[in-house]
Structure formats: C-alpha cells, structure tokens
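Engineer: Pasting the sequence and the predicted model now:
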Amino acid sequence: MMLSGRGVTAVLGPTNTGKTHYAIERMVAHGTGVIGLPLRLLAREVYTRLVEKVGVTQVALVTGEEKISPPNARFSVCTVEAMPRETRASFVAIDEVQLAGDLERGHIFTDRILHLRGRDETLLLGAGTMRPILEKLLPGITVIERPRLSQLFYAGQKKITRLPQRSAIVAFSADEVYAIAELIRRQRGGAAVVLGALSPRTRNAQVGLYQSGDVEYLVATDAIGMGLNLDVDHVAFAQDRKFDGYQFRNLNPGELGQIAGRAGRHVRDGTFGVTGQVAPFDDELVERIESHEFDQVKVLQWRSKNLDFSSLRSLRDSLDAAPTIAGLSRALPATDSQALDHLSRYPEIRDAANSPQRVERLWEACALPDYRRIAPAQHADLISTLFFDLVRHGTVNEDFMAEQVRRADRTDGEIDTLSARIAQIRTWTYVSNRPGWLADPTHWQEKTREIEDRLSDALHERLTKRFVDRRTSVLMRRLRENAMLEAEISVNGDVFVEGHHVGQLAGFRFTPVAGAEGPDAKAVQAAAQKALALEFEARAARLYASGNGDLAVGSDGFVRWLGDPVARLSSSDHIMRPRVILLADEQLTGNAHEHVVARIERFVNHHIATVLKPLDDLSRAEDLQGLAKGLAFQLVENLGVLFRRDVAEDVKTLDQDARASMRRYGIRFGAYHVFMPALLKPAPAELITLLWALKNDGLDKPGYGDLIPALAAGRTSVVADPSFERMFYKLAGFRFLGKRAVRIDILERLADLIRPLLQWKPGTTPRPEGAYDGRRFTTTTSMLSILGATPDDMEEILKGLGYRADVVKAEEAQAFLASQDGSAAASAPAAEAPAEATASETAETASDSAATEETAAAQPAEAVEAAEAAVAEAATAEAPATAPAEAEEPKPVLLWRPGTGRDNDQRGGRPRHGERRGSGPRNAGGEAGQATGRQDDRRGGDRREGRQNGERREGGKPNRDNNRRPDNNNRSDRHEGGGRPDRGDRGKGSQPSRFEAKPPRKEKPIDPDSPFAKLAALKEQMKK
C-alpha cells in the first residue's frame, strides 16, 4: 500500500480541546465506523457514550479481554491493539496518535496510522507535536489544530495535606500511590486510586467514586493522562521520574504537559504544580507547559507486519527488518518478541514449530499479554503450555484452564492479593476471547468475566475501605448540596452528624474523631455544636441534682461524674481546700456553668471532710488553746504526721489537760511520731498524698501512688526505693529507715517491745527475752515478726531510729546472760511482786502484752516463720551455752542501747559490760537521742511532767510515787520518749536515793471498784 494522506484528517491539539467528542459526533454521522482508543478504560467510556446515542444493539466493544458483538452492530469501539488490519467501515478514528512514538506500544499505533483507513473519512486524534511527522509520512493529509478550551496555570509547590479539593496527585509506583492515598485519608477524608495495573472495572469504580464527589482527591499514575475525562481542578506531581520498562528516567515536558492538561474541564481553568519531594519546576518548563509548546515527534516506532512464517528463523528475521521510509525507527523487542526469542531456545519448541501453520500459531500464542508482570521465563513457560495444547489437541486443555481459573476465584485477601488474582484471571479472559483456542469459548468468556468482575468489585471495596473515610465523604457531599446537617447524641456520649460518628462527648468536653480537619470540618463541627449546646444545659442540670455517689475524686486529681472527667483539682492557699478547675467547652456558659462549678466544689469539700474527718475536725477545733492549738495547726499542715523530734519541746510543755483534749481528736503521742492512727488507711492515705502532690507539683514525681497498694495489702514494711520522693513514704504512713520503710504505728509497737527490755532490773525478776543488762537489748523474734524484716533490715531500722550498737563476742554474751539468769533465779522470792502492786503497773503490763499479741496475730503466718528463721543466729546467742561448739566462730552479738550521745553511764565514766568507749555506730537517720528523749531528770533537770501528770518522763524513769495513783490516765503515751526507766545497775535490788524539790505527795487509797484494782487482783491470782 502506498502511503497517502488523502481522505485523512488529523485533529491535533492539547488536552481539553474536545477531540474525542468531535470524533464521536463524526462517527455517528456515518452509517458504520470504527474507533481505536489507547486504553480499555477509555474504550469503555466511549462505548457507553455511543450506546446512549444510538442504542446498545448498534455498538460493539472489542478489546483483548472483552467482546460485546451485537449481530447488527454498525459501530465498533476497540483498543488500538484490537482494531482490525482492514475494514470496510465508512469511518475510522485513532485516538492519542502521539503514542506511536512510545517504545513499548508505538509500533502498533504506527501500523494503524499508516495502513487503516475508512472508506469515507479517517480521523487521527492527538497532540500538536505530531503534525510534522504526519505531514511527512502521509502527504496530502489535512491538519486541523484545535485550541484548548480553558487555560492552564502553574500553582507552585504545596504540601499534600494543603492541596485544594478536586485535585489529582500523580505518582509512578503503586507503593507511592498507596502511601499518598493513606495520608490523604487520615488528613482529608479519603481519595480514589487509579493505577494501570487495576482492572478496568475497578478503575471505573474508583473514577466514579471521585466523579460523584464521594472523595475530593484522586491519586493516580500517568494513566489519567491517556484521555480520561475527569473533573480535575488541580494536578500535583508527587514524582517526576518513572520506569519506562527499560530504565528510570525523568518525564519529558510533553509527558508532563499531557498529564497536567487533565486539570480544568471545558471552559473552567485548571492549575498544576508539585508536591512531596519534587522540586519546583523551573520557569522555562512552566512556560512550555502553560503554552503547550513541546518538542516535535521526529520518528515513529515501527515493526514489520509482513511476517514470514516459513520457519522460526524466517519469522525472527522478518521481525528484525528495518524500515525503508524516513521517519520510522525499528521498535525495540516487545513482550511478544521477547517471548519468541526465549521459546526459540527450547528444542521441543523448535521440533513442534515445523510448519508455517505451527509457526504462525506460536506467534499468536506469544501475543498473550503479560498481565501478571512476571519474569520473561515464567511468561514463556505459560505460552509454551498453551502452544503445545493448540498444536497437539487443537484447543487449550480445559481441565488445565479450569484449575487455573479455580485458583483465582477467591475474593478474600487484601489489595495486593486481589490485584494478583485479577491479573491471573485477565490472562484467561484473553485466552477465552482468542478465536479457535477453546472448544467452548462462550462458557469460558462468561465465567472469566464473572470472576474478574467479582474480583474487581472486591478490590474496589478494599481500596475504598482502606483509602476512603465514608463518614467524611458523605458529609462532604451533603455540604456541597448546602443541606442542613442533623446531629444527635447517644446515651454514651457518641455524637453523630447525618448518622455518622463525628466525635465523643465526655463530661462537658467534645473530642472530634481523628482526621476531622480542613474547611469542611468546620461545617461538621458547627452542626455538632448546635446539638452540644442543648446537651450541655441538660447535663449541667443533671449534675447539679446528682448525688455524691455519682461523683468521685481520682488519684490523678480529676473529678469524675459517672466516669467522665468534669474538673481537675489544683493547689490553693490551704492544702485541705484545693481549687476546682472546670473541664468544659465554651458552650457551657451562664447559670449552667456556675451551677456545675458550685456542685463540684461542694462535693470536693464534702469528700475531703468525710475521708479525712479526723484531720478536718482538728482543723476546725475551737476547744484547743495555746500550745495545743499550735501543735494541732502543725499536724494539719503536715497532713496528720509529725516527727516527735521536731516538736519534742512543745510536747514536753503540754500539760495533762491539753494532752487529753488533743487525744479526743484521735491524736496519739508516740515514741517517734505524733500522728493520727485513723489516717493510716488506704483511702485517707491516697487522698492525703493527692493533696500534698497538688500543693507541691508532685503528681509526676517518682513514687506517686505506688505505696498505697502496699498499705492496702496490710504490709507493715516495704523495701525502700531511693528513687521515690521521700515525702510519699510519710504521707502513706511509712517511715523511711535505710533500706526499708516501716509503717508508723508498727514502729510504735516496736517501741512498746523495746521499752520493758530497757526497764528490766537485773536480779529482780526473770529476764525477759531480748533483755541484757537493763540498759541494752538484743533483737527478738517478735520485733522481726511485726516488722516483717530480716536481722540485717532490723539493724538498719534501729540505726534509723537512733539506737546505737555495742559489739560483744558471743561467748562473752552467753556467759554474762547465764550469770544474770542465775542471779535472777536465786533472788526470785525476794523479787516477787507484792500483793499490793500498783494497779497502774499491772494495767501497763497487760496493755503491752496485749499490744504485742495483737501485732503478732495481725501478721501472716508466713511472715512470722520467715522472721523467726532470720533471727535464729541472734536467738542462739541469747540461749545458754549448752549446745556443742560449731567449727566456725559464733558471730558477735549486737547490744542495742538508746543513742543518748553518751557512751558511759553514771558510774564515774566506767564502761558497762561489753561496751567500748566510742565504739557504737553513729545514728544512720540523724536522730540520736530521739528514741529515749533527754535524760534531764538524771542531771537535776525538769521532772515536772512525770510528777504533775502521772506520766513517765520523756526519756526518764517512772515517777514511782505518782504511778501508784489509780487515776493515772496517760498509759497510752507514758513512754513518749521511749527512754530508760532507771539509772542502771547500782546493785541487785538497790534503789538510788531521791532528791526532790518538794515532799512527795501522799498516796491515795485504791478504789476497789477501779478496773486497775481488778487487774491487779487478777495478776495476784495468776501468780498464786
């Protein structure tokens, strides 16, 4: 055929010139016609438009994978590859003819341009860059250039999240497309996705999602540049490099212009720009794109259609033939040519292709598209299987095909899995549409089409689910329709607008769902706020009328109403009166706001007054005067616990009436602390810790709230964590002592155990367990049991309390204890207590015994057993030396004494038994002297407290005269200093002389009805 342009019209111009619309109008003006399009997707679009014009019975659709052929169809819509080599149609049109320069598909377009003609009219549609080459190859061709209907402007660089609505973002890899779509879904509600690898049905569904306005963004590859008619206002390039099948390269200006030209529709102008990591376009490139001035196409890709099928070599040589016309260039090997080269190396293929018919059949099989994008060798293997079936059986083995189709017929899996199955089924759809390849092609065409449609729908659903927020898309459509949005609030606080969840209302604060941003979000928020305004007023009324049981104060400082935070506490001038900060949006105003604040403040004050009632009552006490009132103020400021050493002088100065008045408020004067036992419980301790943390910015300090569980579990001591804020131990009712922290009330019980050991007088009564010489003691199982501690822990604790240790050898201690026990046994009759022993002493003994038994009973059995095992060594040291000597030397014995600051006693500086001058360890807690108080009475100091109040002196020995008085009511804190009761060993049974400033008071007769008298009588009966 001689190349000629007579009867051929080239309609050239940039995008948005109406070329395709013009071709459709010209075709329906003829009796018959054929139009070729570059994409199956675009062919589907044109087919639909023609059906609307002339009816479904008049239009056929022919692609490599699909055939719709009504018997009397006058018009055919094809992909360029599916166009016939010859036709008797009156009209022929070829769209996007500039693709004739494409390295991969260009030779097909070139063949149709040069050889396919309509009887009456032939149209070539494409870019203006094709004019010179078409005029050169087709002399006499008529060229019509159409201007763009709208203008195109450069908008510069913008972030992806700042791109305007109705934008298309272009990238050139599936991973990049998916990543961008995911980002837009999170930030702007969603995006449609268009890739060349998607099936046409899936691409149509995604384009429809965008065109219908369900989403405002489209993320696509350069597939959108091939004639897709979209309502795009802005095109943004997220990449400007692509892989063209051979290498990665930058897009040329013509390719950029083809894609950017999709912005703007009809007479509406469009913009283009860059986003992501793409550098802004230079001025020259921008000017060329805006003015559509691109490099002219100089050569077209060509491959010979005069193929010689006499042999494989002849076919190969004819494919390699060079063009004889200037302006044509021999195309690079395409997929079919590569498959033929690969198969030609197989001996079995060479043996089978032994006739022109079989060589031609092999070439037909090589035309199978590589939809799966697999390796050439794998693709060639499939072609060889099909070829052998065709030459041996005449058709493809349907059992083999059925197995392959069955494997692809599954709709489970994610996007990549479904895409792979669609590629698989498209291969078999192509096979079913090849004439003469199957015995029952109609069955397989229907089956493969059904499976491909089902997979395509599933893929569209997965893409939409992953990249589209349906809530946002529906709301956007309603906003574009200027419709009033309806909002409602569920009982659990979910806020819905138009039936879609837009946020959560917790208390009086509304939190929108993630991703609700952008201009449309403001309208959604406005609709939600209308419903919230009424809801806030209703909630304020319910809160104001609610009971205290509906409100709670958490350890985090938040006040919650029915579980939702409505306020948080902050520090104020008074630690017991924290400030309430309301957590509410600005919609809560006026009286509703005031009522909510007043109700929460009333609850917080009531909660503190209830949980910390002893402390609250003390803060409001009006019957305390003088020093008692000052001490009460300090106790409130310190949240119920004072170290005895800090207020020792004030306590000593208090008279009996002041002490009694303070005890009525639950205050206990212990040996080491002045505290309120009622606060040593989990609920008060937790609230006390919170109040202190609010006052001292301690909510984030290490250890906050970590000690309350130990208190709730009944732990009497815990391993101390040095990283914790030290104050948290005190607030939780623990005393920080070296490696352990011990509960305050347990320390006072320890003082009750130690006190009789220091009061015992050698040679008078049997030696109590743990007593040594009346001035020193050793640790006992009872001590370890109530503390839940080991001997090493006990050493740390006693040092922290101010006791000092004297070290003696085990043999020496055993010998001394044996002599003490012998002396006590010899003088037992003389030392027996008289029948008229004071009721006070009897009561004190019973009280100490009961306290010890109560403490031991309160400990778990396991803790007691562990403590007893831990003190085995100390107990062995105290036992008589009757056990056989062990191979190892016994460990030294620690004799503990109050840390008074003086190592020697009153006997002229002579050391006590086992003492070494200055050998005692210093007080680890810095509280030397605290355990026993001051011994001022031994140095002629003030002994008024013991004489006037009937109490034991702080750190001194008891006032014997006053202790016999039955009205002594200070038994609970008689040893508030925990001190030594006597001056020491001045001889067995001897008493030191007394020198008093005034004569002793006369003893009052014992009231026989007094409970102390009854206890004394009970003691006498037990002795008998």
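Structural biologist: In hand now; what should we look at?

Engineer: and the nearest residue to V468 once chain neighbours are set aside, how many neighbours does it have?
Structural biologist: Nearest non-adjacent residue to V468, counting by C-beta to C-beta, 6 or more residues apart in numbering: G190, 3.4 Å away. Glycine gets a C-beta too; all of them are placed from N, C-alpha and C. Per other C-beta atoms under 10 Å, the neighbour tally for G190 reads 27.

Engineer: and what of V193?
Structural biologist: The local packing of V193 (other C-beta under 10 Å) involves 30 other residues.

Engineer: so it touches Y217, yeah?
Structural biologist: No. Between V193 and Y217 there is no contact under C-beta atoms under 8 Å: 9.9 Å.

Engineer: where does the stretch 851-1000 of the chain have low pLDDT?
Structural biologist: Residue ranges of the stretch 851-1000 of the chain with pLDDT under 70: 851-889, 900-1000.

Engineer: try 90
Structural biologist: 851-895, 898-1000 (pLDDT under 90).

Engineer: Give me the contacts around stretch 538-558.
Structural biologist: 507-508, 559-562, 565-570, 583, 588, 592-593, 595-596, 598-600, 603-604, 606-607, 686-687, 689-690, 693-694, 699, 705, 708 (C-beta atoms under 8 Å, 6 or more residues apart in numbering).

Engineer: Buried by neighbour count: which residues of it qualify?
Structural biologist: 539-540, 543-544, 551, 553, 557-558 (16 or more other C-beta atoms under 10 Å).

Engineer: Let me have the residues you listed in CSV, extended by pLDDT and secondary structure.
Structural biologist: Shown next, in CSV, are the buried residues of stretch 538-558 (pLDDT from 0 to 100; DSSP: H, G, I helix; E, B strand; the rest coil):
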residue, pLDDT, secondary structure
R539, 89, helix
A540, 91, helix
L543, 92, helix
Y544, 92, helix
L551, 93, strand
V553, 93, strand
G557, 92, coil
F558, 94, strand
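
Engineer: and of these, the nearest to N354?
Structural biologist: The shortest approach to N354 among those belongs to F558, at 88.0 Å (C-beta to C-beta).

Engineer: Can you give me the separation between the closest one and T511?
Structural biologist: Noted for F558: a distance of 15 Å to T511, by C-beta to C-beta, to the nearest Å.

Engineer: Burial check on R755, number of neighbours?
Structural biologist: Neighbourhood size, R755 [other C-beta under 10 Å]: 22.

Engineer: can you tell me the helix or strand for it?
Structural biologist: Per DSSP states H and E: R755 is located in helix 744-759.

Engineer: Now the element after that helix, going C-ward?
Structural biologist: Helix 744-759 is succeeded, C-terminally, by helix 781-787 (DSSP H and E).

Engineer: so how far is that next one from its chain's centroid?
Structural biologist: In terms of C-alpha atoms, centre = their mean, to the nearest Å, the centre of helix 781-787 is found 45 Å from the chain centre.

Engineer: Summarise which helices and strands the helix or strand just after it is packed against.
Structural biologist: Using DSSP H and E, the helix or strand that directly follows helix 781-787 along the chain is helix 791-800. Here helix 791-800 touches strand 734-737, strand 740-743, helix 781-787, strand 803-808, going by 3 or more C-beta pairs under 8 Å, 6 or more residues apart in numbering; DSSP states H and E.

Engineer: if we can go back for a sec, which among the buried residues of stretch 538-558 gets closest to R620?
Structural biologist: In terms of C-beta to C-beta, no member of the buried residues of stretch 538-558 lies closer to R620 than V553, at 20.6 Å.

Engineer: thinking again about what came up before, from the contacts of stretch 538-558, keep the buried residues only.
Structural biologist: 507-508, 559-561, 565-569, 583, 588, 592-593, 596, 599-600, 603-604, 607, 686-687, 689-690, 693-694, 708.

Engineer: Please flag which of these sit within strands.
Structural biologist: Among the buried ones among the contacts of stretch 538-558, the members falling in strands (DSSP state E) are 559-561, 565-569.

Engineer: so can I have TSV of those residues showing distance to T464 and pLDDT?
Structural biologist: Converted to TSV, those look like this (distance: C-beta to C-beta, whole Å; pLDDT from 0 to 100):
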residue	distance to T464	pLDDT
V559	44	95
R560	39	93
W561	40	93
P565	37	93
V566	39	93
A567	43	94
R568	42	93
L569	47	94
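
Engineer: which pair in those spans the largest distance?
Structural biologist: W561 and L569 (14.1 Å).

Engineer: Now do the helix holding R755: distance to the chain's middle.
Structural biologist: 50 Å.

Engineer: Who are the packing partners of that helix?
Structural biologist: So helix 744-759, by 3+ C-beta pairs under 8 Å, 6+ apart, packs with strand 673-675, strand 734-737, helix 781-787, helix 839-858.

Engineer: Least reliable of these by average pLDDT, please.
Structural biologist: When these are ranked by mean pLDDT, helix 839-858 comes last with a mean of 36.

Engineer: State whether L285 is indeed within a helix.
Structural biologist: Yes. Assigned with DSSP: H, G, I helix; E, B strand; the rest coil, L285 falls within a helix.

Engineer: Please work out how many residues are found near it.
Structural biologist: L285, neighbours per other C-beta under 10 Å, totals 15.

Engineer: same check, this time on R426
Structural biologist: By the criterion of other C-beta under 10 Å, R426 has 24 neighbours.

Engineer: check which helix or strand covers it.
Structural biologist: helix 415-432.

Engineer: Rounded mean pLDDT for that helix, please.
Structural biologist: On average, helix 415-432 scores 91.

Engineer: Remind me what the next helix or strand after it packs against, helices and strands.
Structural biologist: Using DSSP H and E, the next helix or strand after helix 415-432 towards the C-terminus is helix 441-467. Using 3+ C-beta pairs under 8 Å, 6+ apart, the elements in contact with helix 441-467 are helix 174-188, strand 192-194, helix 200-211, helix 398-408, helix 415-432.

Engineer: So what touches the helix or strand that the third one is followed by?
Structural biologist: Okay, so that is helix 200-211. Sequence order places strand 217-220 as the next helix or strand after helix 200-211, per DSSP H and E. Strand 217-220 has contacts (C-beta under 8 Å, 6+ apart) with 163, 165, 167-171, 177, 180-181, 184, 188, 190-195, 206-207, 210, 224, 230, 232, 467.
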